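J.: Give me a 3D structure for the following:
(one chain, ligands or ions: 2)
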Amino acid sequence: MFKWKENFSVNVKKLDEQHKEIFNIGNFVYDLISMKDDIDRFDEIMQALNKLRNYAKYHFETEEKLMLEHGYPKYEEHKHQHDSFIAKINSLDEDAIDEDQRKVGLDLIMFIANWIEQHILRTDMEYKEFFNKKGVY
Ligand SMILES: [Fe+2]
Ligand SMILES: [Fe+2]
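T.: Ligands and ions are numbered 1, 2, ... in the order given. Model prediction:
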């Protein structure tokens, strides 16, 4: 489902590794909801949601710290996007209480797909050259 490719690279090793982990979490959820049996996997989906929230926080902090260290000019708007992703994950968590697991799983997958497309491939990509010029790889 989510396949990391070389052209997704932001050319900073640890950030690429972290992005790959986000793809892994997406694939884990995709596998869970693709199973055609009727086994309840709500707990696993909720665990994945928690993992994603914790990992997102950790990853955003890594990027933001690096941006501050090197005086990245678009720090504020970038951080703003991070903050809205965290808010969105928290709202998924609240929705999950009343929703069925398939819906929560699908929402989670849509959320990750959107994150990859709108943020990693666009907003994150904008720091690639900046960091490389500062000697950060
Ligand atoms: Fe990122
Ligand atoms: Fe980012």
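
J.: okay, CA-based contacts and neighbour counts for the rest of this
T.: Noted.

J.: How is Asp37 assigned, secondary-structure-wise?
T.: When the structure is split into helix, strand and coil by DSSP: H, G, I helix; E, B strand; the rest coil, Asp37 lands in coil.

J.: Which helix runs longest in this structure?
T.: Assignment by DSSP state H gives helix 42-70 as the longest helix of the chain.

J.: so Phe131 touches Tyr137, yeah?
T.: Yes: under the criterion of Cα atoms under 8 Å, Phe131 lies in contact with Tyr137, with a separation of 7.0 Å.

J.: which residues do those two both contact?
T.: Taking Cα atoms under 8 Å, 6 or more residues apart in numbering as the contact rule, Phe131 and Tyr137 both touch Val12.

J.: re earlier: so what secondary structure elements neighbour the longest helix of the chain?
T.: Packed against helix 42-70, as judged by 3 or more Cα pairs under 8 Å, 6 or more residues apart in numbering; DSSP states H and E, are the following elements: helix 13-34, helix 75-96, helix 101-114.

J.: Tabulate these (CSV), appending mean pLDDT and distance to Met1.
T.: Below are those laid out as CSV (pLDDT from 0 to 100; distance: least, Cα to Cα, whole Å):
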stretch, mean pLDDT, distance to Met1
helix 13-34, 95, 6
helix 75-96, 93, 20
helix 101-114, 91, 9
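
J.: Tabulate those helices in JSON lines, adding columns for mean neighbour count and distance to Asn7.
T.: JSON lines is the format used below for those (neighbours: other Cα atoms under 10 Å; distance: least, Cα to Cα, whole Å):
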{"stretch": "helix 13-34", "mean neighbour count": "17", "distance to Asn7": "11"}
{"stretch": "helix 75-96", "mean neighbour count": "15", "distance to Asn7": "21"}
{"stretch": "helix 101-114", "mean neighbour count": "18", "distance to Asn7": "16"}
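
J.: In this structure, which residue is most central in space?
T.: Within the chain, one residue has its C-alpha closest to the average C-alpha position: by Cα atoms, centre = their mean, that is Ile22, at 4.9 Å.

J.: Could you tell me the phi and psi values at Asp37?
T.: phi -90, psi 180 (degrees, to the nearest 10).
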